[in-house]
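Colleague: Kindly generate the corresponding structure for this input.
(one chain, ligands or ions: 1)
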Amino acid sequence: MSSRRLSGSLVGLALMVGPALMASFTAHAAQTVAEVGCTGLVPAMMGGPMPTDRNLIMLRWLSTANYELVYHGQVYLLDAYFDRGPRNRPTGVVPSQVQRAAAIFIGHAHFDHMSDAVPIAQRMRIPVYGAQITIDTARSLGLPSGLGHVVKDGDTVRFPGMTVDTALARHSSLNPEVLRQLGKLFDLDARPETSDDLAAEKKIRAEGSFAPEVITQGTIAYAFTFDTGFKLVWLDSAGPVTAGDRALADKLGPADIAIIAYQGHPVAETQIPYTLDLVKVFRPRIFLPAHHDEIFGAFVDLGVEPLFEAIQEALPGTQTIAPLHRRAMCFDIRKPAP
Ligand SMILES: [Zn+2]
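Modeller: Numbering: from 1, shown residues only. Coordinates of the predicted model:
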């Protein structure tokens, strides 16, 4: 449902529920903005529409922790894992046909965060940002050395109209036995795999690193502060809160939007505290989850409602949004959090 249609249906609702309840509905509905450039399912990086209003940012979830960020006519890729193999839902991104991208930010070097980064960056001659191990991995996969930019805890990088601050975060804890048992679910409850499936997935899994230091030294939290003061935090894995996360949050103050991963544990009771602790640190006005969707053979789709209910209890002022793959979301950045 578009925001415009939502507004229309809210008018009807107001007649039934009265002004007090209506105020809370409109406060939430006002967070996303309808604009002709903020419609459609074609990613901006693939040539889809972009907002013309320079006071808007557009975000589009493209599965796992991939988001595209559109700001002032530039498209920034947050993670790059688009060609996910035949058994995953499509993202609408064909890496060899990406036509707009100004830079790629990679949260960490696992394949499900960077498998398409190198060919896109190489063809378009755009910079790739990540931890040392991420950039080393990208170079080993063919990234020209001039395009790799290492970011560390406490770094600040300036872009046209925005500043990017980085912090050393920590990857989620993964219990190998839980992952093994979870993988069995796919054997029990899905069509038999073909040799083509396996070959495609093996190739994608090789486009990243499984080194243990990715967990402790290779996961970066990014904060984008636009020139209006509006702040967007993006964290593509949900491990324990680090000193770096806290220092970044202290520097920023409350975020306007936080995109934080909700994955690692398939049981909500176990996963919620990790993501919730990070949400509490960054105190966003708007929360968007990431990584909670299926990766065939590894992760099942996690319902976000238990997490959203926990956020509702802990941070009643935070709006939670369940994004859909490929749907554009625009936000007015003129009124940042105080
Ligand atoms: Zn990972």
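Colleague: Double-check that residue 157 belongs to a helix.
Modeller: No: assessed with DSSP: H, G, I helix; E, B strand; the rest coil, residue 157 is strand; it does not lie in a helix.
Colleague: where's it relative to residue 58, distance?
Modeller: 21 Å (C-beta to C-beta, to the nearest Å). Any C-beta I mention is one placed from the backbone N, CA and C, and that applies to glycine too.
Colleague: who's more crowded, these two?
Modeller: The neighbour count for residue 157 versus residue 58, taken as other C-beta atoms under 10 Å, is higher for residue 58 (24 against 16).
Colleague: Report the secondary structure state of the spatially most central residue of the chain.
Modeller: Central residue of the chain (C-alpha atoms, centre = their mean): residue 65, 3.9 Å from the mean position. The assignment at residue 65 comes out as coil when based on three-state DSSP.
Colleague: List phi and psi for the nearest residue in space to it that is not next to it in sequence.
Modeller: Once flanking residues are discounted, residue 65 sits nearest to residue 236: 3.5 Å by C-beta to C-beta, 6 or more residues apart in numbering. Residue 236 adopts backbone torsions of phi -90, psi 10, taken as degrees, to the nearest 10.
Colleague: So residue 236 sits against residue 278, correct?
Modeller: No: Residue 236 is beyond contact range of residue 278, at 11.4 Å (criterion: C-beta atoms under 8 Å).
Colleague: And those two? Which one has more around it.
Modeller: Relative neighbour count places residue 236 above the other of residue 236 and residue 278, with 32 against 27, counting by other C-beta under 10 Å.
Colleague: show me where the stretch 101-250 of the chain has strands.
Modeller: For the stretch 101-250 of the chain, strands defined by DSSP state E, counting those that start in this stretch occupy the ranges 103-105, 128-130, 148-150, 156-159, 162-168, 220-226, 231-235.
Colleague: could you dump those to a markdown table with distance to residue 325 and mean pLDDT?
Modeller: As requested, the strands of the stretch 101-250 of the chain are exported to a markdown table (distance: least, C-beta to C-beta, whole Å; pLDDT from 0 to 100):
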| stretch | distance to residue 325 | mean pLDDT |
| --- | --- | --- |
| strand 103-105 | 19 | 99 |
| strand 128-130 | 23 | 98 |
| strand 148-150 | 28 | 98 |
| strand 156-159 | 26 | 98 |
| strand 162-168 | 25 | 98 |
| strand 220-226 | 21 | 98 |
| strand 231-235 | 17 | 98 |
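Colleague: now those in CSV, with distance to residue 244?
Modeller: As requested, the strands of the stretch 101-250 of the chain are arranged in CSV below (distance: least, C-beta to C-beta, whole Å):
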stretch, distance to residue 244
strand 103-105, 16
strand 128-130, 15
strand 148-150, 15
strand 156-159, 13
strand 162-168, 4
strand 220-226, 7
strand 231-235, 11
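Colleague: Tell me which of those is the most buried.
Modeller: strand 231-235 (a mean of 28; mean count of other C-beta atoms under 10 Å).
Colleague: That one - which strands sit beside it in the sheet, and in what orientation?
Modeller: strand 220-226 (antiparallel), strand 257-261 (parallel) (DSSP bridges).
Colleague: if we compare these, which one ends up closest to residue 177?
Modeller: strand 257-261 (21.1 Å; C-beta to C-beta).
Colleague: Nearest to residue 131 among the strands paired with strand 231-235 would be which one?
Modeller: strand 220-226 (5.2 Å).
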